[in-house]
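Asker: Sequence and predicted structure are below.
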Amino acid sequence: MEIVEDIDIVGAGIAGLTTSLALFRLGIRSLVLESSDRLRTTGFALVAWSNAWKALDAVGIGDSLRQQHLQMNGIVVSPTVTKQRTSEKSLEGQEARYLQRNLLLEALAKELPSGTIRFSSRVVCIEESGLYKKLHLADGTILKTKVKL
């Protein structure tokens, strides 16, 4: 079966879901292909700095995530051998928060229209076809797309 889509995004990770949500906010539909059967929310927290929060605000999820994550006030640097503090840096004027990967992915996915993420869709081959790209999926489906990200 061959399906035509304007924009296909490979991978429902942080970058793929954020890109899809940003396009959706601009009125552009996309399809996110994820090889797993669900969001892969395992992983560690990351530190999101001021520019990351501006990007999260731009796609409309910054405020809800702020409510779930505490602001960092400073950083302490300690060598792993001696474990004695060698330096401290204040983060005054910066927005830095530890951000749980699973909460970020879930917030992004929740804002996308139903059907935007296609799970169990492993891309096995990509071929050029004139102005289109053909994405061959493991289940035999062929997606014909103008833009592949």
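Answerer: Now that the structure is in, tell me what you want to look at.
Asker: Which positions in the top strand by length along the chain come out as buried?
Answerer: Longest strand of the chain, by residue count under DSSP state E: strand 2-10. The neighbour-count criterion (16 or more other CB atoms under 10 Å) identifies Glu5, Ile7, Asp8, Ile9, Val10 as the buried residues of strand 2-10. Where C-beta positions appear, they are placed from N, C-alpha and C, glycine not excepted.
Asker: any idea which of these is the one closest to His69?
Answerer: Within the set of those, Ile9 lies nearest His69; the separation is 25.4 Å, counting by CB to CB.
Asker: in this protein, what spans have low per-residue confidence?
Answerer: Segments of the chain classed as low confidence (criterion: pLDDT under 70) are 83, 85.
Asker: the helices in it, which residues?
Answerer: Ranges of helices within the chain are 14-25, 50-58, 62-66, 101-111, based on DSSP state H.
Asker: which one of those lies closest to Lys146?
Answerer: Lys146 lies closest, by CB to CB, to one member of the helices of the chain: helix 14-25, at 12.8 Å.
Asker: For that closest one, output the C-alpha coordinates as CSV.
Answerer: The C-alpha trace of helix 14-25 is given here as CSV (Å, rounded to 0.1, in the frame of the first residue of the first chain):
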residue,chain,number,x,y,z
ILE,A,14,12.6,15.0,21.6
ALA,A,15,13.6,16.5,18.3
GLY,A,16,11.0,14.7,16.2
LEU,A,17,8.1,15.5,18.5
THR,A,18,9.2,19.1,19.0
THR,A,19,9.5,19.6,15.2
SER,A,20,6.1,18.1,14.6
LEU,A,21,4.5,20.2,17.3
ALA,A,22,6.1,23.4,15.9
LEU,A,23,4.8,22.6,12.4
PHE,A,24,1.4,21.9,13.8
ARG,A,25,1.3,25.3,15.6
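Asker: for that helix, the distance to its chain's centre please.
Answerer: Between the mean C-alpha point of helix 14-25 and the mean C-alpha point of its chain there is a distance of 7 Å (CA atoms, centre = their mean, to the nearest Å).
Asker: ditto for stretch 44-64
Answerer: Centroid separation for stretch 44-64 versus its chain: 11 Å, with CA atoms, centre = their mean.
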